[in-house]
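Q: Mind folding the following:
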Amino acid sequence: HLKMAEVVAEKGPATGEYCTLTGSWTYADVWATPNSMLPALLLDPLGYHAQAERYLAVFRKHQGTTVPPGKTYGQHPGYLGTPKVYQAINWLSDNGALLWAFSEHALLTDDEKFIAEYVPAILKSCEWIRDARRTTGHGGVEGILPGAVATDEGKQVQSIWNDGWNHKGLITAVRLLKRIKHPRASE
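A: Presented below is the predicted three-dimensional model:
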């Protein structure tokens, strides 16, 4: 018999929003990339779908409010990142990791209500990836994501970590969009 999943989380008293924390004591903030793994790799496989949704909701609600952590980026309505109140150090991988977590949860649960609520956010995140990859004149390799923060060092680099997570998020979103026969899946 499984008991309720216990995780380190915070409920904002003013907003009622829940957000998992990377850890307690020293790490009482959020790194969205590792936090995205909790719902998709732990809670969902154990059947704690409602808890997974609870911890994903804050990121959907605040989509577009975090500026990607790189000098060539500006605010974009599709970028998924950590809400300001919980921010530690933003990584560009956050968008892809959260996109993957949203899409993976939808694929694992086939929850029609969740899918209907999250597909607009998923599409906007995919649009951010598309738009960011079209950026030119940034001094790096064009066609992949321009340089941005990929580690806690804060250096802005073109990184396999950033591109890999955004690719993983994108292909998982496409799998979901194909499954639900969304008209933009082939795009």
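Q: only C-alpha atoms for contact and neighbour calcs from this point on.
A: Fine.
Q: Which elements pack onto the biggest helix by length in the chain?
A: Using DSSP state H, we find that the single longest helix of the chain is helix 112-133. Applying 3 or more C-alpha pairs under 8 Å, 6 or more residues apart in numbering; DSSP states H and E, we find helix 112-133 packed against helix 93-109, helix 160-179.
Q: low pLDDT regions in this structure?
A: 1-9, 21-28 (pLDDT under 70).
Q: Mind doing that once more with 80?
A: For the chain, the stretches with pLDDT under 80 are 1-14, 18-29.
Q: Quick check: Lys84 touching Thr66?
A: Yes. If you go by C-alpha atoms under 8 Å, Lys84 and Thr66 touch, sitting 7.0 Å apart.
Q: chain center to the longest helix of the chain: distance?
A: How far helix 112-133 lies from its chain's middle: 10 Å, per C-alpha atoms, centre = their mean, to the nearest Å.
Q: so how far is Ser93 from Asp152?
A: Distance, Asp152 to Ser93, by C-alpha to C-alpha, to the nearest Å: 12 Å.
Q: before we move on, what about Pro183?
A: 27 Å.
Q: Give me the more crowded residue out of these two.
A: Higher neighbour count among Pro183 and Ser93: Ser93, with 31 against 9, using other C-alpha atoms under 10 Å.
Q: Going by how many neighbours each has, rank Lys84 and Thr66 and give me the top one.
A: Thr66 (20 against 13).
Q: tell me the phi and psi of the residue lying closest to the more buried one once chain neighbours are set aside?
A: Excluding the flanking residues, the one nearest Thr66 by C-alpha to C-alpha, 6 or more residues apart in numbering is Gly81, at 5.7 Å. Gly81 adopts backbone torsions of phi -150, psi -180, taken as degrees, to the nearest 10.
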